[in-house]
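> sharing a model prediction with you, sequence too.
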Amino acid sequence: MAENSPWRLEDFVDSLVVELDKTRETLAVKAINKPLSYSVKEVALDVNAFPSYADGSVRFVTAQPGEEGASKLTIQLNSITDQQVRASTKARGTAPVDAIDPLEVDEQTRTKLRRIGVNSLDDLKELEARKVDLGAVTDSEIDYSQIARKIQQSRRSKSAPSIDGVSLSQSEGGPVLLLEGRNLAVDASFEPVAVLNGELVEVLSRGPAHLSLLLDEEHPLTADNEVVVTFDQFAVVRVNVRA
Amino acid sequence: MDEAFVPLHEMLPGLLPLAPPIDDREAGVRTTIVGCEVETPIELDLTVRGSSIEIGMVPPLYHVATADLPVFHAIRIVVEQEPDDG
């Protein structure tokens, strides 16, 4: 028999649920070739184990032969219909769930987030928008808004802005500097800010592939120009333009 | 997982006595199982792999009274016929 390692209750329940899902799938396959189909309504499992507390979490060791005084854990799983799931689940749009990547947040933090029902970046944003003080609720030192920003920063670095070309044209309002590239203004909620040679310039239009700036006639382009654009809170680009 | 144990999802369907309908044409009676509830002692083998746990189980392996008896856990599963099957 393998080493009797300690385990966490939530990991055990997670694994139990996975096993039950597979059981349901097996029963569903059996139903294809049989006139009747059955569904699992309830599963209860009694486990004899010894609890212990170490490193801030409770773990259990399964009782072995000859060991007395074990605690009995009774885990009871009931089933509900998909309609009940829909009725008791928060509404989601048709967009895919923006799940938190294991590379973005460490396992311990992900576990803490999962315990309070946070599985995606949208969940974090929603809690932040509602000004929920999760630190007080969960008695945890985790700054959830900081995690959300960290995730966004990580994702922005994977799709960093790049400028492929700069051109100058004339419009009715004055000269327009057009920056073209990829992953430029991708955050619709953030208004890009542009500075030309230390002077703020107006952003005429923006998009993932372009940004057009209306230049001030009092501050025209010189021989060497520095354009600094803040596309969002995680993307700042500096471009040197020679007229 | 110890070779004497079987993954939970393989063992559970095997515990369920879900037989096809029984037809008695002479009596004109058809009998179907509409549900069952199985409760049994089991032996467990838990293998921890990071945050996932392989759950192996098996009904009591031996029926011999030994000095140190195995630890018997228990499982109960309730299965019902799907309503659409009438």
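Noted; the coordinates are in hand.
> CA only for contacts and neighbour counts going forward, please
Will do.
> quick one: low-confidence parts of the chain?
Since you didn't name a chain, this refers to chain A. Counting by pLDDT under 70, chain A shows low-confidence ranges at A:1-2, A:30-36, A:80-105, A:108, A:112, A:115-117, A:133-145, A:148, A:155.
> switch to chain B, please.
B:84-86.
> residue most distant from the centroid, it?
The C-alpha centroid of chain B is most remote from residue B:26, which lies 33.8 Å away (CA atoms, centre = their mean).
> grab the longest strand from chain A for me.
Ordering each strand of chain A by length in residues (DSSP state E) puts strand A:38-54 first.
> what does it contact?
Applying CA atoms under 8 Å, 6 or more residues apart in numbering or on different chains, the external contacts of strand A:38-54 come out as A:24, A:27-28, A:31, A:58-63, A:70-79, B:35, B:71-82.
> give me that answer again for 7 Å
Counting by CA atoms under 7 Å, 6 or more residues apart in numbering or on different chains, strand A:38-54 makes contact with A:24, A:27, A:58-63, A:70-79, B:73-82, all of which sit outside it.
> the helix or strand just after that strand pairs with which strands, and in what direction?
Sequence order places strand A:57-62 as the next helix or strand after strand A:38-54, per DSSP states H and E. Strand A:57-62 pairs in its sheet with strand A:7-8 (antiparallel), strand A:38-54 (antiparallel), by DSSP bridges.
> as JSON lines, the ones you listed with mean neighbour count would be great.
Formatted as JSON lines, the strands paired with strand A:57-62 follow (neighbours: other CA atoms under 10 Å in any protein chain shown):
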{"stretch": "strand A:7-8", "mean neighbour count": "20"}
{"stretch": "strand A:38-54", "mean neighbour count": "18"}
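> stretch B:59-79: end-to-end distance?
By CA to CA, to the nearest Å, the extent of stretch B:59-79 from end to end equals 19 Å.
> separation between residue A:158 and residue A:151?
11 Å.
> which of the two has more residues huddled nearby?
The neighbour comparison of residue A:158 against residue A:151 (other CA atoms under 10 Å in any protein chain shown) goes to residue A:151, with 18 against 9.
> distance of that one relative to residue A:189?
17 Å.
> for residue A:230, same thing?
According to CA to CA, residue A:230 and residue A:189 sit 13 Å apart.
> between these two, which is the more surrounded one?
Per other CA under 10 Å, whichever of residue A:230 and residue A:189 has more neighbours is residue A:230, with 18 against 8.
> the more buried one: helix or strand, and which one exactly?
Applying DSSP H and E, one finds residue A:230 within strand A:224-232.
> paired strands for that strand, with orientation please.
Applying DSSP bridges to the sheet, strand A:224-232 is found paired with strand A:193-196 (antiparallel), strand A:235-242 (antiparallel).
> list the buried ones in the last one?
Applying a neighbour-count criterion of 16 or more other CA atoms under 10 Å in any protein chain shown, one finds A:235-236 buried in strand A:235-242.
> lovely, talk soon.
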